[in-house]
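Q: Below: sequence and its predicted model.
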Amino acid sequence: MLELDIGKMGDHVQKYVNDNDMNLKNSFWKKNIRNLPGRASPKKESKSVSSSASTSFDDFQESVSDAWEIEAEDEILRMSEVKISKRVAHSAAVNVINNHKASIEEIHKSKNYSNSDPQGESSSQTYKESRHTENKVNFPNSEVDTNKLTKFQVLLESNLLNLEDLKKLSWSGVPVEVRPMTWRLLAGYLPTSTERRQEALDRKRIDYANLVKQYYDTDKDEAYKDTYRQIHIDIPRMSTPLFQQTTVQEMFERILFIWAIRHPASGYVQGMNDLVTPFYVIFLQEYLPIGTNIETLDVSSISKKNRDSLEADSFWCLSKFLDGIQDNYIFAQLGIQYKVNQLKELIQRIDGTLHGHLMKHGIDYLQFSFRWMNNLLTRELPLRCSIRLWDTYLAESDCFATFQLYVCAAFLLHWRQELLEKKDFQGLLIMLQNLQTQNWTDTDISLLVAEAYRLKFTFADAPNHLTTKR
Amino acid sequence: MGTGDEEYDYLFKVVLIGDSGVGKSNLLARFTRNEFNLESKSTIGVEFATRSIKVNKKIIKAQIWDTAGQERYRAITSAYYRGAVGALLVYDIAKQLTYQNVERWLSELRDHADQNIVIMLVGNKSDLRHLRAVPADEATAFAEANNLSFIETSALDSTNVETAFENILTEIHRKVSARQMDSMDGDEIDKVCMKPIRIDATTANTNDSAAFQIKQFCCNASA
């Protein structure tokens, strides 16, 4: 896995070399670091100590270090210093990726994916394997993990949490053991002061209980009946056994209904239920022994008090999370339309070949990326991967709306080769609507966000960067 | 499915519209993949599928756009009406409200679609006999009054799904052929297909492809 990361880095460097010559590259890093201190970098912001101009590349490298495994840093640095040739980088990358593929296949074979899958696999219903199994696959008890967990624990237990440090650490993925508390803090749901935390949590849970009494348990206002009807139609359509339980469906209905009432400018929009799911599943696991298969769990076996807490936490975190992207869900979904256009412009600049190919065959970005934006890729990725992706989104906090654009760009570019091989409109569109991510792991997401980070760093606020070059 | 190398004589763009939860996506899945999923997730924006069938010895390729039913998506989905030559307007025979809203969907089509679009009213979920809320004669009368064809289907047990798509595609083919006959010089078909496309803020970025679809349709239709 470590090797893959280096290889992929080589790949990135190589791609970069393809697009731009080396001189530009060297001057580029310097220029951007100086002119735009701290921009686009969750790591960077807290690294003010090392902001002297002399080692700007080191700064950048350090600022993104968490996107790769820690041990990879030296290697990456070495590779960056030596101006690696395209050929070397490419063959290294290919080798490593092949090795990695082989080892992953090994793992997939040896790990028993024995979790029941009553409905069979389909591209849209692939997240039935237990997340715990997945996490074991991804983090085979390495020392790195233990170290990372310890770092989290130290941070979380400090009297006054340094939120920037927590964001920095979380960006590259949060260990499953500390994810619930980390997410609450990253979402801004809980205060940084440890001693006020429990009190705040209790109060927020009571607040939520009151909202339920006020809006949900009473006769619903006529104006809200449409909203309720729509939610009530959509919730039973969530597949997987967990979400077929009445207890779970009622919790989702309350969360979404109350959110919709409190946010009249947008209200409920189909697909929002998918945005509750990661929070719900993460907080649910707090009440279960590690390793419980949530798909076979009877949620009503959890105590009422814990279920209420789970529901309240999901609600508040969802609310905080959606605050940054409310314009996605207002009338005409202008936020999404704007972002889809941005994606189009971005791809046009980054990869004229792919963009031209899509245009030539009449593919419109709205046709495939609307759902990516509306559901934050939850429909395109297995749940375990969405959860890993949300570690990064939450670590980006208010900026995640922008960052998501680059994640979408990186996601599209990931399929570049297969897309270029499709020579007609329907082949392209059907592929874009059913991208095969069912075997993706946390590693794929780490690479995706690393690539997104690179794109953001390169292209954000640099509108003429490529046009002047051409 | 969906590899475009197959030969076809006509390419028709058809949209599936109607309230949420009436079974649009399952009608499409049944027609294009012979699949049905009781818990199919809500459609976000639009989804696309395709299938070719033979009508009067001609191969017709149907490009079908499945749209989200929720009102909030209307601005996005209505962009896809442009260039469509057929629409299946679906309601749920067990839910009166979805039938009442048919009027609203018709006016959506009047506002955004080509005036020559062939519309078929589809009462889906005909397997739910015991829960029927919309009598078939009432829908038949409504369809007649509004110049629509009408059929009841069940995506669950496959009843009439093939027939529904075959009928609408045949009807579109009939209209297109008649138009071709009327004006051998092709002027008429240009008028029908190449209407100028209105650009507004909410749909500006869909126009490239709408134009493309229409052009493609015309080329193929006259082939």
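A: Here it is on my side, so go on. Numbers count the residues shown, from 1 in each chain, chains lettered A, B, ... in the order given.
Q: which stretches of chain B form strands?
A: Taking DSSP state E as the criterion, chain B carries its strands at B:10-17, B:46-55, B:58-67, B:86-92, B:118-124, B:149-152.
Q: Give me the mean pLDDT for the fifth one.
A: Yep, that's strand B:118-124 we're talking about. What strand B:118-124 shows for mean pLDDT is 98.
Q: That strand vs chain A: in contact?
A: No - under the criterion of CB under 8 Å from any CB of the partner chain, chain A is not reached by strand B:118-124; the shortest gap measures 14.3 Å. Heads up, the C-betas are built off the backbone N, CA and C, glycines and all.
Q: That strand relative to strand B:10-17, how many degrees between them?
A: Counting by axes from the mean of the first three to the mean of the last three CA atoms, to 10 degrees, strand B:118-124 lies at 50 degrees to strand B:10-17.
Q: What pLDDT is listed against the residue of chain A found nearest chain B?
A: Closest residue of chain A to chain B, CB to the nearest CB: A:D424 (3.1 Å). Note for A:D424: predicted pLDDT of 94.
Q: I'd like the distance between it and B:V85.
A: Using CB to CB, to the nearest Å, we find A:D424 at a distance of 20 Å from B:V85.
Q: who's more crowded, the two?
A: B:V85 (29 against 14; other CB atoms under 10 Å in any protein chain shown).
Q: show me the residues around the more buried one that make contact.
A: B:12-14, B:114, B:116-118, B:172, B:175-176, B:217 (CB atoms under 8 Å, 6 or more residues apart in numbering or on different chains).
Q: which residues are contacting the helix or strand where A:W183 lies?
A: For A:W183, the element it lies in under DSSP states H and E is helix A:179-186. The set of residues external to helix A:179-186 that reach it, using CB under 8 Å, 6+ apart, is A:152, A:156, A:161, A:163, A:166-167, A:170, A:174, A:190, A:192, A:201, A:279, A:282-283, A:285-286, A:313, A:317, A:387, A:390-391, A:394-395, A:397.
Q: Using neighbour counts, trim those to the buried set.
A: Neighbour counting with 16 or more other CB atoms under 10 Å in any protein chain shown marks A:152, A:161, A:163, A:166-167, A:170, A:174, A:190, A:201, A:279, A:282-283, A:285, A:313, A:317, A:387, A:390-391, A:394-395, A:397 as buried within the contacts of helix A:179-186.
Q: Of those, which belong to strands?
A: Short answer: the buried ones among the contacts of helix A:179-186 have none in strands (DSSP E).
Q: Can you tell me, leaving aside adjacent residues, what's nearest to B:E166?
A: Leaving aside its chain neighbours, B:E166 sits nearest to B:I53 (6.3 Å; criterion: CB to CB, 6 or more residues apart in numbering or on different chains).
Q: hey, what's the one you found bridged with?
A: B:I53 forms beta bridges with B:I60, as assigned by DSSP bridges.
Q: Tally up the residues packed near it, please.
A: A total of 16 residues lie near B:I53 under the criterion other CB under 10 Å.
Q: Which helix or strand in the chain has the lowest average pLDDT?
A: All of this refers to chain A. One helix or strand of chain A scores below all others by mean pLDDT, DSSP states H and E: helix A:131-138, with a mean of 36.
Q: do chain B as well
A: Every helix and strand of chain B was ranked by mean pLDDT, DSSP H and E. The lowest is helix B:207-221, at a mean of 38.
Q: Show me the shaky parts of chain A.
A: A:1-143, A:461-470 (pLDDT under 70).
Q: tell me the contacts of B:N34?
A: Contacts for B:N34 (CB under 8 Å, 6+ apart) come out as B:S158.
Q: same deal with the one 3 residues further on?
A: By CB under 8 Å, 6+ apart, the contact set of B:N37 is A:239, B:26, B:29.
Q: run the last query once more with 7 Å
A: B:26, B:29 (CB atoms under 7 Å, 6 or more residues apart in numbering or on different chains).
Q: Could you do A:L413 as well?
A: A:L413 makes contact with A:D351, according to CB under 7 Å, 6+ apart.
Q: change it to 10 Å
A: A:15, A:346-347, A:350-351, A:354, A:419, A:448, A:451-452, A:455 (CB atoms under 10 Å, 6 or more residues apart in numbering or on different chains).
Q: Ok, A:W316 next?
A: Taking CB under 10 Å, 6+ apart as the test, what A:W316 contacts is A:184, A:187-190, A:201, A:204-205, A:207-208, A:255, A:259, A:279.
Q: cool, and B:N56?
A: Applying CB under 10 Å, 6+ apart, the residues near B:N56 are B:9, B:170, B:173-174, B:177.
Q: Let's have these in JSON lines, adding neighbour count, distance to B:I93 and pLDDT.
A: Listed next are these as JSON lines, based on neighbours: other CB atoms under 10 Å in any protein chain shown; distance: CB to CB, whole Å; pLDDT from 0 to 100:
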{"residue": "B:D9", "neighbour count": "17", "distance to B:I93": "35", "pLDDT": "95"}
{"residue": "B:T170", "neighbour count": "15", "distance to B:I93": "24", "pLDDT": "96"}
{"residue": "B:H173", "neighbour count": "20", "distance to B:I93": "28", "pLDDT": "95"}
{"residue": "B:R174", "neighbour count": "13", "distance to B:I93": "27", "pLDDT": "94"}
{"residue": "B:S177", "neighbour count": "14", "distance to B:I93": "33", "pLDDT": "89"}
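Q: Distance to A:Y216 added to these, as CSV?
A: As requested, these are exported to CSV (distance: CB to CB, whole Å):
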residue, distance to A:Y216
B:D9, 56
B:T170, 50
B:H173, 52
B:R174, 53
B:S177, 57
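Q: Touching, A:K344 and A:F370? I think so.
A: No - checked against CB atoms under 10 Å, the pair A:K344 and A:F370 is beyond contact range at 11.9 Å.
Q: Compare these two and say which is more crowded by neighbours.
A: Counted by other CB under 10 Å, A:K344 and A:F370 do not tie: A:F370 has more neighbours, with 23 against 19.
Q: now that one, what's its secondary structure?
A: Counting by DSSP: H, G, I helix; E, B strand; the rest coil, the backbone at A:F370 sits in helix.
Q: And the pLDDT for the nearest residue to it once chain neighbours are set aside?
A: In space, A:F370 comes closest to B:G45 once its chain neighbours are excluded; the distance is 3.9 Å by CB to CB, 6+ apart. pLDDT, B:G45: 94.
Q: Isn't B:G45 up against B:G69?
A: No - judged on CB under 10 Å, B:G45 makes no contact with B:G69 at a distance of 11.5 Å.
Q: residue contacts, the residue nearest to A:Y365 when sequence neighbours are not counted?
A: Nearest residue to A:Y365 in three dimensions, chain neighbours excluded: A:K344, at 4.5 Å (CB to CB, 6+ apart). Counting by CB under 10 Å, 6+ apart, A:K344 touches A:355, A:358-359, A:364-366, A:369, A:409, B:205.
Q: got it, and B:T153?
A: Listed by CB under 10 Å, 6+ apart, the contact set of B:T153 reads B:23, B:26-27, B:30-31, B:88, B:90, B:93, B:122-127, B:159-165.
Q: can you do 6 Å?
A: With contact taken as CB atoms under 6 Å, 6 or more residues apart in numbering or on different chains, B:T153 is in contact with B:122, B:124, B:160-161, B:164.
Q: where's it relative to chain A, distance?
A: From B:T153 over to chain A the distance is 19 Å, taken as CB to the nearest CB, to the nearest Å.
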